[in-house]
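[1] pasting the structure only:
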Ligand SMILES: [Zn+2]
């Protein structure tokens, strides 16, 4: 259980937006505290201007936040917690671009690197409980690429490979599997298993039939440069596959009650609209998107949520995308 101290109170899983406190305020015995209206108002005023206490340099940097896709000023959206070390969450500003529906969190690269050192899904000890679901998703993604490229699929670069499930499944199928992984511990671990792993995308040499970002693209601070680099690394008939969490519609829906927890730990959060813009600006072409994934290995609760999202999406004739995830397949735009 993670507790935070703010404004002289201890919070349990709190989120702050627009003067509202979400989560529980607790005392030292973890009992909920009933606050007077006056105290609630005082905290509410603090949350509306959480950056007022920041240094002027930091505030200027935040206020000047620009959309990395449109280069327009982004609008202040709120503040969301982010895990900066093993026991500490810190609030960071979240910004929204109306032009392309991109949400961005004002975290720096060193904060993101520290985050990856401690976040649970990057810990090898936690791998067994994720294995069946991740393996199923990896099988499905390789099936998709095999279906699109046939015998032309021989080499794959998995960017942000994490614990390496896609690498393992691809290797068993006989593909040449390379990876990019920022986290030193995981990169070394996968290197010892025989995979070629770079720390950064700009260090990669060679070209590939397919490049994948499975729930990893939203951690890259410079989306256009990242995608343009992928274009250079793709064979002329190769494909780029991105799996993203589809959550911007939830953030845009019912703005009075929105919670920023749904952004998870993403640096940028994309919708289909923002991804299409990012791909086009990078010289790539979105060929198709899919919203149904394989879910048989998920827990019943997760599976129900996914199937519910698929059903709503299908009922709307794909006009509204309620599915929890989207898979986008792009090609080089010059082909
Ligand atoms: Zn934008």
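    Received it, and whenever you're ready, just let me know what you need. None of the values given here were measured: they were computed from a predicted structure.
[2] what stretches of this protein score poorly on pLDDT?
    The chain contains residues with pLDDT under 70 at 1-64, 254-259, 335.
[3] Just after the strand ranked longest in it, pick out the following helix or strand.
    Ranked by residue count, the top strand of the chain under DSSP state E comes out as strand 234-245. Moving toward the C-terminus from strand 234-245, the next helix or strand (DSSP states H and E) is helix 248-252.
[4] Tell me how far that following helix lies from the chain's centre.
    Computed by Cα atoms, centre = their mean, to the nearest Å, the chain-centroid distance of helix 248-252 equals 14 Å.
[5] Mind listing what's buried along it?
    For helix 248-252, a neighbour-count test (16 or more other Cβ atoms under 10 Å) marks 248, 251 as buried. Heads up, the C-betas are built off the backbone N, CA and C, glycines and all.
[6] Could you identify the helix or strand that succeeds it?
    Following helix 248-252 in sequence order, the next helix or strand is strand 268-269 (DSSP H and E).
[7] name the helices or strands packed onto that following strand?
    strand 102-105 (3 or more Cβ pairs under 8 Å, 6 or more residues apart in numbering; DSSP states H and E).
[8] What lies in contact with the strand it packs on?
    Strand 102-105 has contacts (Cβ atoms under 8 Å, 6 or more residues apart in numbering) with 65, 67-70, 74, 77, 80, 82, 92-97, 248, 251, 263, 266-271, 274.
[9] any idea where the helices of the stretch 51-200 of the chain begin and end?
    In the stretch 51-200 of the chain, the segments counted as helices under DSSP state H, counting those that start in this stretch are 56-63, 109-118, 127-149, 165-172, 184-192.
[10] picking that back up, show me what the longest strand of the chain is packed up against.
    helix 127-149, strand 208-214, helix 223-233, strand 325-332.
[11] So what's the gap between the first one and the chain middle?
    Put plainly, it is helix 127-149. Between the centre of helix 127-149 and the centre of its chain there are 18 Å (Cα atoms, centre = their mean).
[12] Let me know the angle separating it from strand 208-214.
    Here helix 127-149 runs at 140 degrees with respect to strand 208-214, directions being taken by axes from the mean of the first three to the mean of the last three Cα atoms, to 10 degrees.
[13] In helix 127-149, which residues are buried?
    Buried residues in helix 127-149, counted by 16+ other Cβ under 10 Å: 133-134, 136-142, 144-145, 148-149.
[14] Please identify which pair of the residues you listed lies farthest apart.
    133 and 149 (24.9 Å; Cβ to Cβ).
[15] Give the burial count for residue 245, as a bare number.
    By other Cβ atoms under 10 Å, 17 other residues sit near residue 245.
[16] Same question for residue 273.
    14.
[17] ditto for residue 71
    Residue 71 has 10 neighbours, counted by other Cβ under 10 Å.
[18] Then the one 3 residues further on?
    For residue 74, the number of neighbouring residues by other Cβ under 10 Å comes to 23.
[19] what does the chain put close to the ion?
    67, 69, 70, 97, 99, 100, 102 (Cβ under 5 Å from the ion).
[20] Which of these ranks first by neighbour count?
    Neighbour tally across these (other Cβ under 10 Å): the maximum, 26 neighbours, falls on residue 102.
[21] Would you reformat the buried residues of helix 127-149 as TSV and include distance to residue 297?
    Below are the buried residues of helix 127-149 laid out as TSV (distance: Cβ to Cβ, whole Å):
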residue	distance to residue 297
133	5
134	9
136	4
137	8
138	11
139	10
140	10
141	14
142	15
144	17
145	20
148	23
149	25
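[22] Closest one of these to residue 318?
    Set against residue 318, the nearest of those by Cβ to Cβ is residue 144 (17.9 Å).
[23] Tell me which residues touch that closest one, please.
    Residue 144 is in contact with 241, 290, 327, 329, counting by Cβ under 8 Å, 6+ apart.
[24] farthest-separated two in those residues?
    Taking Cβ to Cβ, no two of the contacts of residue 144 sit farther apart than 241 and 290, at 9.8 Å.
[25] if I look at those two, which residues touch both of them?
    With Cβ under 8 Å, 6+ apart, residue 241 and residue 290 have common neighbours 144, 327, 329.
[26] re earlier: nearest to residue 225, out of the helices of the stretch 51-200 of the chain?
    helix 109-118 (13.3 Å).
[27] which helices and strands does that closest one pack with?
    strand 75-83.
[28] And the strand it packs on, what's buried?
    Going by neighbour count (16+ other Cβ under 10 Å), the buried part of strand 75-83 is 77, 78, 79, 80, 81, 82, 83.
[29] out of everything not next to it in sequence, what's closest to residue 175?
    The shortest distance from residue 175 to any non-neighbouring residue, by Cβ to Cβ, 6 or more residues apart in numbering, is to residue 156 (5.4 Å).
[30] I'd like to know how many residues surround that neighbour.
    Residues near residue 156, counting by other Cβ under 10 Å, number 25.
[31] Specify the beta-bridge partners of it.
    Counting by DSSP bridges, residue 156 forms beta bridges with residue 177, residue 210.
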